[in-house]
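Visitor: Model the structure of this input:
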Amino acid sequence: MFRITKGIHVHFAHHVRGHRGACISLHGHTWKLEVTVASETLDAEGFVVDFAVIGREVLAPSHRLLDHALAIGEATWRETHAELAALGTRLVDSRHETMGSRGELQPHLEGTLGGARNELPGDIKIAVFPFAPTSETLARWLYEVAVEKLASERIAIVNARVYEALHPVETYAEYSLDRARL
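Guide: Predicted coordinates for the structure are as follows:
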């Protein structure tokens, strides 16, 4: 069995709805997203799948969705979008002091990815998920995106890993269908 893993780093904040501790506050991390795929055979070029394909189909769109965004769940979005628009307008308007204009929109995802989308209230970037974005739920989401974009008769998705913290010690959540790993 051949296995390969590709990952990216992305900076974003999140809010964990209903959290009993500090994660109720908006806070950010430097995250790492990884996808591992496997195959019993290699393609004509000698790959399980080209690393560039994993990047283009799964990791780059995930980066566009999340980079410098606030990740929240749909319920939080429904309850706060008006306040986020007012805040976003005030924050982006601060560019007038340094740039003389509101500048350009941040790069963002057009459409949806695994049920997640970008909203731009007041021109700040929000990543809206159909669930509260914890490391665990994001790992499952990334796994499902990888299955949708990469899985085939030959290629299996082994797991998706979401690192919430890398320094000083790695802290991550992983999702896999392999129950033997429990």
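Visitor: Show me the shaky parts of this structure.
Guide: 179-182 (pLDDT under 70).
Visitor: mind listing the helices for it?
Guide: 51-54, 60-66, 74-93, 95-99, 135-150 (DSSP state H).
Visitor: what residues does the second one touch?
Guide: Residues external to helix 60-66 that are found in contact with it (CB atoms under 8 Å, 6 or more residues apart in numbering): 8, 10, 12, 31, 33, 107-109, 113, 116-118, 127, 142, 145. Yep, even glycine has a C-beta here, placed from its N, CA and C like the rest.
Visitor: related to what we said a few turns ago, dump the helices of the chain to a markdown table, plus mean neighbour count and distance to Ala173.
Guide: Below are the helices of the chain laid out as a markdown table (neighbours: other CB atoms under 10 Å; distance: least, CB to CB, whole Å):
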| stretch | mean neighbour count | distance to Ala173 |
| --- | --- | --- |
| helix 51-54 | 16 | 19 |
| helix 60-66 | 22 | 15 |
| helix 74-93 | 15 | 20 |
| helix 95-99 | 10 | 36 |
| helix 135-150 | 20 | 4 |
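Visitor: Include distance to Ser25 when you put those helices into a markdown table, please.
Guide: Output for those, formatted as a markdown table (distance: least, CB to CB, whole Å):
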| stretch | distance to Ser25 |
| --- | --- |
| helix 51-54 | 33 |
| helix 60-66 | 19 |
| helix 74-93 | 13 |
| helix 95-99 | 25 |
| helix 135-150 | 16 |
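Visitor: Check the gap between His81 and Arg161 for me.
Guide: His81 is 31 Å from Arg161, where distance means CB to CB, to the nearest Å.
Visitor: just Thr137 next, same as before
Guide: Distance from Thr137 to Arg161, by CB to CB: 13 Å.
Visitor: likewise His27?
Guide: His27 is 21 Å from Arg161, by CB to CB.
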